[in-house]
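# Please work out how this folds:
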Amino acid sequence: MKLVITMSRRFGTGASVIAKDLSERLDIPVYDKAYIEHQIGSHKYETEAEVIRELASKPCIILGRCASDILKDRMNVLNIFVCADKEDRIHRIMRLESLSYEDAEEKVKRTDAERAAYYEEHVGKTWGDVNDYHMILDTSKLGVENCADILMHYFEKLEYI
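Residues are numbered from 1 along each chain as shown. Down below sits the predicted model:
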């Protein structure tokens, strides 16, 4: 399989859980903001886009960082956007980070705003626009635990794996 998966997501959707599950099933790495930023600081890369293009030379999953746009012209890339109802996201963050409802709500709001601003600044487009993705997964409707199964079935059906 030569597939590269980009996964953009709203905060608190469980996308990192889905990515980890896919990573284990497909035996490919997941790269996130921390990894990509570390590559800039310790290697020959000057921009995140350079790191992402290099990482995408092999099968992998890339979380965020405008990877869907950076790799938009590649045929082997599947761009996924993960969303969920705001209330579900707030409650998920409350559980994961032991926060009050108000603190979790503020963190969801702030993180989503930061991601939207980052995307707009680097790509010049609206973050989460359905036209930029091949697939949208709503974890409120589908369940976080089912999304990797859905994707694996899709990959098998299209003979990606």
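# mind listing what the spatially closest residue to A49 that is not a sequence neighbour touches?
Spatially, and ignoring its direct neighbours in sequence, A49 is nearest to I70 (5.0 Å; Cβ to Cβ, 6 or more residues apart in numbering). For every residue, glycine as well, the C-beta is placed using N, CA and C. Taking Cβ atoms under 8 Å, 6 or more residues apart in numbering, we find I70 in contact with A49, I52, R53.
# and with 10 Å instead?
Taking Cβ atoms under 10 Å, 6 or more residues apart in numbering, we find I70 in contact with 6, 47-53, 56, 62, 77, 122-123.
# do you know how far it is from F155?
22 Å (Cβ to Cβ, to the nearest Å).
# quick one: the worst-scoring helix or strand of the chain on mean pLDDT to chain centroid distance?
Lowest by mean pLDDT, DSSP states H and E among the helices and strands of the chain is helix 33-42, with a mean of 91. Remark: helix 33-42 is offset 16 Å from the chain centroid, using Cα atoms, centre = their mean, to the nearest Å.
# Using PDB, write down the CA coordinates of it.
Coordinates of each C-alpha in helix 33-42 appear next as PDB, following Å, rounded to 0.1, in the frame of the first residue of the first chain:
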ATOM      1  CA  LYS A  33       2.600  18.600  15.000                       C
ATOM      2  CA  ALA A  34       5.200  17.800  17.500                       C
ATOM      3  CA  TYR A  35       7.000  15.400  15.200                       C
ATOM      4  CA  ILE A  36       6.900  17.700  12.200                       C
ATOM      5  CA  GLU A  37       8.100  20.700  14.200                       C
ATOM      6  CA  HIS A  38      10.900  18.600  15.700                       C
ATOM      7  CA  GLN A  39      12.100  17.700  12.100                       C
ATOM      8  CA  ILE A  40      12.400  21.400  11.300                       C
ATOM      9  CA  GLY A  41      14.500  22.000  14.400                       C
ATOM     10  CA  SER A  42      16.800  19.100  14.000                       C
END
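# Just the buried residues of it, please?
For helix 33-42, burial by neighbour count (16 or more other Cβ atoms under 10 Å) applies to I36, Q39.
# Skip ahead from it and say which helix or strand is next.
Per DSSP states H and E, the first helix or strand lying C-terminal to helix 33-42 is helix 48-55.
# and that next one with helix 33-42, angle?
100 degrees (axes from the mean of the first three to the mean of the last three Cα atoms, to 10 degrees).
# who does the helix ranked longest in the chain touch, helix- and strand-wise?
Longest helix in the chain, counting residues (DSSP state H): helix 101-123. Packing contacts for helix 101-123, counted by 3 or more Cβ pairs under 10 Å, 6 or more residues apart in numbering; DSSP states H and E, involve strand 4-9, helix 67-70, helix 86-97.
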